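> using only what follows, build the 3D model:
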Amino acid sequence: MKNHALKLYEFYKYIFDSEKNPLRHIPDPVSRFYIMTILAGMWSLSFGLYLGSIIYFGISLAAHVILLLMFFFTMAVFYDAEKNQSSWLLKLRRDRNHL
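Next comes the predicted model:
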């Protein structure tokens, strides 16, 4: 377990330590810091967009399900009107008025 933790730490250092990653070949430390900051911002943006798309996917899925349900409900009303020459809503109103 300790060996895995050390390997993970070395991998972390290789990515995030500008003295160990390939940016070490740039002699100016301010330039290295600037590039690391830009990369961090780009990674944050990409993960944020990814998570936002997952959240948006749920909203989009719900909206599509509602649209499909409304489509099938409309088709059922049209089918009922064609089959019975009337509508269940008109029958309900008629029955309600006779009470």
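> contact partners of stretch 30-47?
Contact with stretch 30-47 is made by 16, 18, 23-24, 26, as judged by Cβ atoms under 8 Å, 6 or more residues apart in numbering. Where C-beta positions appear, they are placed from N, C-alpha and C, glycine not excepted.
> can you tell me which of these end up in helices?
Taking DSSP state H, the ones among the contacts of stretch 30-47 that sit in helices are residue 16.
> just the contacts of stretch 30-47 now: which is nearest residue 64?
Using Cβ to Cβ, residue 16 is the member of these that lies nearest residue 64, at 41.0 Å.
> tell me which element the residue nearest the centre of the chain falls in.
The centre of the chain sits closest to residue 54, judged by Cα atoms, centre = their mean, with a distance of 1.5 Å. For residue 54, the enclosing helix or strand under DSSP states H and E is helix 29-84.
> where does this structure have low pLDDT?
Filtered on pLDDT under 70, the chain yields the residue ranges 86-88, 99.
> buried members of the contacts of stretch 30-47 into ChimeraX, please.
In ChimeraX, a selection of the buried entries from those looks like this (16 or more other Cβ atoms under 10 Å):
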select :23
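> can I get the contacts of stretch 30-47 in a markdown table with distance to residue 62?
A markdown table is the format used below for those (distance: Cβ to Cβ, whole Å):
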| residue | distance to residue 62 |
| --- | --- |
| 16 | 39 |
| 18 | 45 |
| 23 | 44 |
| 24 | 49 |
| 26 | 48 |
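> which one of the contacts of stretch 30-47 is nearest to residue 73?
The shortest approach to residue 73 among the contacts of stretch 30-47 belongs to residue 16, at 54.9 Å (Cβ to Cβ).
> next one: the closest one from residue 4, what distance?
18 Å (Cβ to Cβ, to the nearest Å).
> repeat for residue 79
Distance of residue 79 to residue 4, computed by Cβ to Cβ: 63 Å.
> ok, residue 38 next?
31 Å.
> what's the answer for residue 78, then?
For residue 78, the distance to residue 4 - Cβ to Cβ - is 64 Å.
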